[in-house]
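Asks: Structure here, sequence nowhere to be found:
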């Protein structure tokens, strides 16, 4: 049997001698010991509060209720926001290092989703690798944001959807997400007629594509064999898209032509090790934030947005690295207290 004991918070009181200095003609007070915060809450409790809001998606009122009912700690509602800002400041340097790390990686997944900042439209961006995910909230969905996150001198391979903000990356250094293309081809099928026929044939080719990719990824198919088997499939997919651009209704034909413009970015995963055919990694990293947005309605200030992007970067990266999130947040806050 596992039981939860009654939790009694540890309370420490610091008494600081103070008095009037005749020489300085000023009021003087002894400093706090190194590593002791000026507020009423220690680093581990503060990290726990940030974990409740940033990972468990609890509202500030629910955090207040949880602390009182479970931990026996009372705090004002506004203190939750104040402590979030302390966490944000403590994480700033680590998040900057994470952003610099992502810019040097050989393959990066990037995606964006809608956000709200003080009732104005904004965008939450993510750049993801196997061990780090970096988030950014800005009021733009343009190319400049993608360049800021990856760095204009980015030399790796970008995995993304077909959004135009990523077109600054050369097609040969880019992989278009095949999960998005599957949805496009399913849309062809729903149109009926010639679009349906071509959409079904394209989906059949994609089924084989993923079957071979999974075998190659798992080491059950040699890379050279995988590449050889893929060549006729690649030609057939491009032929079917070209046919769709000629004979299908305008919406389908237009989509087919747009995909063909990026045909060099369709097959990067075939010839470049470490590149996946889908952008599922970035989409999985964004899913938590999307659910949070639906319950919180976004953020109310620039400072609030900075906390969200930094706590998301910390939480998602730490989980990828299989590290304890609360321990890491506590360590960051303690380091911040010691300068």
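Replies: Everything's here; your move. Remember, predicted model here, so these are calculated numbers, not experimental data.

Asks: which residues does residue 256 contact?
Replies: Contact partners of residue 256, counting by Cβ atoms under 8 Å, 6 or more residues apart in numbering, are 241, 242, 244, 245, 248. Any C-beta I mention is one placed from the backbone N, CA and C, and that applies to glycine too.

Asks: same thing but at 10 Å, please
Replies: Residue 256 sits next to 184-185, 188, 195, 198, 202, 240-248 when contact means Cβ atoms under 10 Å, 6 or more residues apart in numbering.

Asks: Now which of the residues you listed would you call buried?
Replies: Among the contacts of residue 256, those classed as buried by 16 or more other Cβ atoms under 10 Å are 184, 185, 188, 195, 198, 202, 240, 241, 243, 244, 245, 248.

Asks: quick one: which of the contacts of residue 256 is nearest residue 316?
Replies: The nearest member of those to residue 316, counting by Cβ to Cβ, is residue 184 at 28.0 Å.

Asks: Now that closest one: closest residue in space that isn't a chain neighbour?
Replies: Counting by Cβ to Cβ, 6 or more residues apart in numbering, residue 184 lies nearest to residue 255, which is 5.8 Å off, once chain neighbours are set aside.

Asks: wait, is the one you found part of a helix?
Replies: Yes - Residue 255 forms part of a helix when assessed by DSSP: H, G, I helix; E, B strand; the rest coil.

Asks: That one reaches residue 244, doesn't it?
Replies: Yes - assessed by Cβ atoms under 10 Å, residue 255 is found in contact with residue 244 at 8.1 Å.

Asks: Common neighbours of the two, please.
Replies: With Cβ under 10 Å, 6+ apart as the test, residue 255 and residue 244 both reach 185, 188, 195.

Asks: Show me those residues that map onto helices.
Replies: Using DSSP state H, 185, 188, 195 are the members of the shared contacts of residue 255 and residue 244 that sit in helices.

Asks: For this structure, which segments count as helices?
Replies: Using DSSP H, the helices of the chain run over residues 43-54, 60-66, 77-102, 143-150, 178-191, 193-217, 223-247, 250-261, 268-271, 280-296, 302-320, 325-337.

Asks: Pipe those into a markdown table and attach mean pLDDT and distance to residue 160 per row.
Replies: Shown next, in a markdown table, are the helices of the chain (pLDDT from 0 to 100; distance: least, Cβ to Cβ, whole Å):
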| stretch | mean pLDDT | distance to residue 160 |
| --- | --- | --- |
| helix 43-54 | 96 | 25 |
| helix 60-66 | 95 | 34 |
| helix 77-102 | 96 | 14 |
| helix 143-150 | 94 | 8 |
| helix 178-191 | 95 | 9 |
| helix 193-217 | 95 | 18 |
| helix 223-247 | 95 | 19 |
| helix 250-261 | 94 | 14 |
| helix 268-271 | 95 | 11 |
| helix 280-296 | 94 | 8 |
| helix 302-320 | 96 | 18 |
| helix 325-337 | 96 | 27 |
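
Asks: Quick one: closest of those helices to residue 3.
Replies: Using Cβ to Cβ, the helices of the chain put helix 60-66 closest to residue 3, at 19.0 Å.

Asks: For the closest one, give me every contacting residue.
Replies: 48-53, 56, 58-59, 73-81, 83-84, 296.

Asks: Can you name the residues that contact the residue nearest the centre of the chain?
Replies: Closest to where the C-alpha atoms of the chain average out (Cα atoms, centre = their mean) is residue 126, at 3.9 Å. Applying Cβ under 10 Å, 6+ apart to residue 126 gives the contacts 102, 109-113, 133-136, 149, 281-286, 289, 309, 312-313, 316.

Asks: List buried residues within the residues you listed.
Replies: Among the contacts of residue 126, the ones that count as buried (16+ other Cβ under 10 Å) are 102, 109-113, 133-136, 149, 281-283, 285-286, 289, 309, 312-313, 316.

Asks: how much space is there between the nearest residue to residue 271 once chain neighbours are set aside and residue 221?
Replies: Among residues not flanking residue 271 along the chain, residue 227 sits closest, at 6.7 Å (Cβ to Cβ, 6+ apart). Distance, residue 227 to residue 221, by Cβ to Cβ, to the nearest Å: 10 Å.

Asks: Show me the common contact partners of these two, please.
Replies: Common neighbours of residue 227 and residue 221 (Cβ under 10 Å, 6+ apart) are residue 212.

Asks: So residue 204 versus residue 262, what's the distance?
Replies: The value you get for residue 204 to residue 262, if Cβ to Cβ is used, is 21 Å.

Asks: Then residue 94?
Replies: Residue 94 sits at a distance of 35 Å from residue 262 (criterion: Cβ to Cβ).

Asks: Residue 88: which of the contacts of residue 256 is nearest?
Replies: Among the contacts of residue 256, and counting by Cβ to Cβ, the member closest to residue 88 is residue 184, at 39.0 Å.

Asks: Contacts only, for that closest one.
Replies: By Cβ under 10 Å, 6+ apart, the neighbours of residue 184 are 162, 178, 199, 202, 252, 255, 256, 258, 259.
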